[in-house]
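Enquirer: Generate coordinates for the sequence data below:
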Amino acid sequence: MHKEKMTYKEVLEEVQKTNCVIEFVQKGQRSQTLRYFEAVCYNKKLLTNNPNVKNLKFYNEKYMKVFDKFDDIDFEWVKTKENVDYGYNGEFSSKYFIEELDSIIKKEG
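Expert: Sure thing, here's the model as predicted:
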């Protein structure tokens with residue numbers, strides 16, 4: 001945990017060093033935060049209070065755990081180091097987005 005402001009570059013440096021990324025969403029929020037994307041891109045475990053993560057493409061119950069209250073958290077799972085692999089192939093990149101958009105346009109055109 002950090003109390004001072006961090007640049008996003010510093011955040012990503014910390015993500016790369018960690019075993020597990022923690023995501024907190026506000027009550028009623030249904031979408032994921034950047035923490036989900038960071039966990040997937042950097043092959044890190046994700047601990048989240050967002051139950052909708054189970055509906056996302058890269059959800060893997062082995063690497064992503066949802067908690068409702070503090071007592072639900074399995075700290076041994078958080079601490080255990082694993083070789084995480086979501087099979088991510090750049091799907092969140094702007095290049096992939098443009099390729100997908102181009103593919104859709106060609107299909108419709």
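
Enquirer: ok, which stretches of the chain are strands?
Expert: Under the criterion DSSP state E, strands of the chain are mapped to 20-23, 45-48, 64-66.

Enquirer: As TSV, those with distance to residue 12, mean neighbour count and mean pLDDT would be great.
Expert: (Glycine included, C-beta is placed from N, CA and C.) Formatted as TSV, these follow (distance: least, Cβ to Cβ, whole Å; neighbours: other Cβ atoms under 10 Å; pLDDT from 0 to 100):
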stretch	distance to residue 12	mean neighbour count	mean pLDDT
strand 20-23	11	20	96
strand 45-48	15	23	98
strand 64-66	19	19	98
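
Enquirer: export these to JSON lines and tack on distance to residue 95?
Expert: Shown next, in JSON lines, are the strands of the chain (distance: least, Cβ to Cβ, whole Å):
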{"stretch": "strand 20-23", "distance to residue 95": "24"}
{"stretch": "strand 45-48", "distance to residue 95": "24"}
{"stretch": "strand 64-66", "distance to residue 95": "25"}
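
Enquirer: How much space separates residue 75 from residue 81?
Expert: Computed as Cβ to Cβ, to the nearest Å, the residue 75 to residue 81 distance reads 14 Å.

Enquirer: Next: residue 74.
Expert: In this view, residue 74 and residue 81 are 14 Å apart by Cβ to Cβ.

Enquirer: Any regions of the protein where pLDDT drops low?
Expert: For the chain, applying pLDDT under 70 flags the ranges 1-2, 109.

Enquirer: in it, which spans are helices?
Expert: 8-17, 34-41, 75-79, 94-108 (DSSP state H).

Enquirer: Please list the residues outside the longest one that contact it.
Expert: To tie it back to what came earlier, the one meant is helix 94-108. residue 90 (Cβ atoms under 8 Å, 6 or more residues apart in numbering).

Enquirer: Now do the same contact list for residue 33.
Expert: Shown in contact with residue 33 (Cβ under 8 Å, 6+ apart): 23, 24, 25, 50.
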